[in-house]
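Novice: Next comes the sequence, and after it the predicted model I'd like to discuss.
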Amino acid sequence: MKKASAERRYELGFTLIELMIVIAIIGILIGAATIGWRAAVRSGNEAATLQDLKTVASVEIQYYNTHNRNFGTFDQMVKEQMLDARFSTNPPNVDGYIFNLKVTPKTTNQQTTYTLNADPQQADGIGATGKNHFYIDSTAGTIHVNPDQSAGPNDPPLGG
């Protein structure tokens, strides 16, 4: 009789230690999935931002050619429907990045120029929307990247 009741005790369910181990394993799996998901979101944001930079640079060339050799601001390009409404806020916050466009108007001594920076919404920490900062300007059209701070013309070109 004692043997039968001892066997039934093990059949009733899990022990507390077994449940704690299962909960710990589930927690580890959720943590790994969260880290992977965040990395995928950051990579997606960066890929979309690189495409956005190329789009803005292309639209700037179109604007330049149709507006008496002047580059346009985000407001001007959105107003003419050359860029979509995502770029209508000041500053635009698109695909997890904040875009900062500076246009220098044409003068008698100087041609018009523009510089465009794209920085992650939150540069450091767990909630960062991207790892890298990007820069492009009207002189070379090359995208520059800096992992630590706002990129500039002296930072290495993307892929270089």
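Specialist: Nice, I can see it.
Novice: When you work out contacts or count neighbours from here on, use the C-alpha atoms and nothing else.
Specialist: Fine.
Novice: now residue 153, nearest residue through space, not along the chain?
Specialist: In this structure, residue 153 finds its nearest non-sequential neighbour in residue 144, 6.6 Å apart by Cα to Cα, 6 or more residues apart in numbering.
Novice: What does the one you found show for phi and psi?
Specialist: Taking degrees, to the nearest 10, you get phi -110, psi 150 for the backbone angles of residue 144.
Novice: neighbours around it, how many?
Specialist: 22 (other Cα atoms under 10 Å).
Novice: Could you pull up the residues touching it?
Specialist: If you count contacts by Cα atoms under 8 Å, 6 or more residues apart in numbering, residue 144 has them with 134, 135, 136, 151, 152, 153, 154, 155, 156, 157, 158.
Novice: redo that, cut-off 6 Å
Specialist: 134, 135, 155, 156, 157, 158 (Cα atoms under 6 Å, 6 or more residues apart in numbering).
Novice: helix/strand/coil for the second one?
Specialist: Secondary structure assignment for residue 135 (DSSP: H, G, I helix; E, B strand; the rest coil): strand.
Novice: Name the secondary structure element that contains the nearest residue to it once chain neighbours are set aside.
Specialist: Setting aside the residues directly before and after it, residue 135 is nearest to residue 117 in space (Cα to Cα, 6+ apart), at 4.5 Å. Per DSSP states H and E, residue 117 falls inside strand 113-120.
Novice: okay, and for this structure, where does confidence drop off?
Specialist: Scanning the chain for pLDDT under 70 picks out the ranges 1-11, 123-127, 160.
Novice: What ranges does this structure have for its strands?
Specialist: 93-94, 97-104, 113-120, 133-137, 144-146 (DSSP state E).
Novice: quick one, what contacts the residue positioned nearest the centre of the chain?
Specialist: Nearest to the mean C-alpha position of the chain, by Cα atoms, centre = their mean, lies residue 45 at 3.4 Å. Contacts for residue 45 (Cα under 6 Å, 6+ apart) come out as 95, 96.
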